[in-house]
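Student: Show me how the following folds:
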Amino acid sequence: MATQPTIVLSAFADEGANSKTAVEQLSVIAAMGLSYYSPRFLDVTGSGKVKHVTELDASELSRLKELHGQYGVKVASIGSRLGKVKLQDVDDGSHNKYVTDKQYLETDVASTIRAAQGLDAKLIRGFSFYHPKGHDPAPYVQEAANRLGPIVDACAAAGLVYGLEVEANLVGQNGRMLAALAQAVGRSNLVCIFDGGNISSQNLSPLECLAEYRAMRDHLGWLHIKDYRVDPNLKWTGVVDEERLKNFVPCDIGDSGHELILRDLREHLPQLCERMKKLGAPGVFLELEPHLKGGGQFGGFSGPDGLGVAVRSLCRTLDYEKIGYHLRDFDDIRSARGF
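Tutor: This is a model prediction of the structure:
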């Protein structure tokens, strides 16, 4: 009998915490049976001051790592904001900032790598730069690849993998563009991250989302699980207003075609898992970032209840597609207690 293909579950823990404290985030993750999470915005000390994980100082990173041991969790990826700046220093009417290559490597990239090393992470989530607003992204692929190259090289020097997430309004706004970027960058430690909600929110149907997934599949490293219900009354202008997105839903009732995508993924999991394990990951992550209570340019929120709904929705879909996964059970508890 063939072995059931298996994925590794994870989630953005700040989605499930009302206060954003690290203790609350890790409590939610542990209670849901997850063993991995990706840190993004959190309050490590309980002081009420929320920081992005890349802004934590050495003592805060050390404290967070101690908490990981107490709650039995590990970091899947650093939920960085790398690549969410302008590709060119032009006034295009957007509020996005521009940072020079040298400054970016010395500040944002360096702090992200420091956070990954401090938390024993192998993966960094990043993006593909904002091309001038209103322009076709295709002519900017090589320019974006040129900026990504040194970032990916810096990650490689630190033994890290750069995951390039598909997202609207950036150069890599669909599977075809993301694949073109991966080919142009041409580094083995660059992989692509599929996110169904970031595709369907561009007014694309389930079959169109499947086509975009397939276009980037050869470069796939892991997947974010987010879904969106398309508003049939929306007049599509070619640009997503990220601050007004409100139709996020669990992955089994949206328009991203997760059943179709996961069915296809199942057939390719052995090869994808082998690639990611060679890069130092435990396998292929399916990482929940559901935004069930809202989301925008730099994050989203689901609440502990919403994240629970999202986890159960994904598990139902995985069960239906016969893809294996692991949630903590009594044996895990006994093992942690030394029984």
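
Student: and the closest residue to Gly46 other than its chain neighbours, what does it touch?
Tutor: Using C-beta to C-beta, 6 or more residues apart in numbering and skipping residues adjacent in sequence, the residue nearest Gly46 is Thr21, 5.4 Å away. Every C-beta, even on glycine, is put in place using the N, C-alpha and C of the backbone. By C-beta atoms under 8 Å, 6 or more residues apart in numbering, Thr21 lies in contact with 42-44, 46.

Student: In ChimeraX, select just the buried ones from those residues.
Tutor: Applying 16 or more other C-beta atoms under 10 Å to the contacts of Thr21, the buried members can be selected in ChimeraX as follows:
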select :42,43,44
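
Student: Need the contacts of Thr21 in TSV (columns: secondary structure).
Tutor: TSV is the format used below for the contacts of Thr21 (DSSP: H, G, I helix; E, B strand; the rest coil):
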residue	secondary structure
Leu42	strand
Asp43	strand
Val44	coil
Gly46	coil
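
Student: In TSV: the contacts of Thr21, plus pLDDT and distance to Ser10.
Tutor: Below are the contacts of Thr21 laid out as TSV (pLDDT from 0 to 100; distance: C-beta to C-beta, whole Å):
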residue	pLDDT	distance to Ser10
Leu42	96	15
Asp43	97	21
Val44	97	19
Gly46	93	24
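
Student: Of the contacts of Thr21, which is the nearest to Ala310?
Tutor: Ranked by distance to Ala310 (C-beta to C-beta), these are led by Leu42 at 19.0 Å.

Student: Could you confirm Arg125 falls within a strand?
Tutor: Yes: checked against three-state DSSP, Arg125 lies within a strand.

Student: Just confirm it contacts Arg40, I think it does.
Tutor: No: between Arg125 and Arg40 there is no contact, the gap being 9.0 Å when judged by C-beta atoms under 8 Å.

Student: which residues are in contact with both of the two?
Tutor: Common neighbours of Arg125 and Arg40 (C-beta under 8 Å, 6+ apart) are Gly79.

Student: which stretches of the stretch 101-250 of the chain form helices?
Tutor: Remark: helices assigned in the stretch 101-250 of the chain by DSSP state H, counting those that start in this stretch are 101-104, 110-118, 141-157, 175-185, 196-200, 206-216.

Student: For the shortest one, which helices and strands make contact with it?
Tutor: So the one you mean is helix 101-104. helix 141-157 (3 or more C-beta pairs under 8 Å, 6 or more residues apart in numbering; DSSP states H and E).

Student: Report the central residue of this structure.
Tutor: Central residue of the chain (C-alpha atoms, centre = their mean): His224, 5.1 Å from the mean position.

Student: ok, now how distant is that one from Phe127?
Tutor: Distance, His224 to Phe127, using C-beta to C-beta, to the nearest Å: 12 Å.
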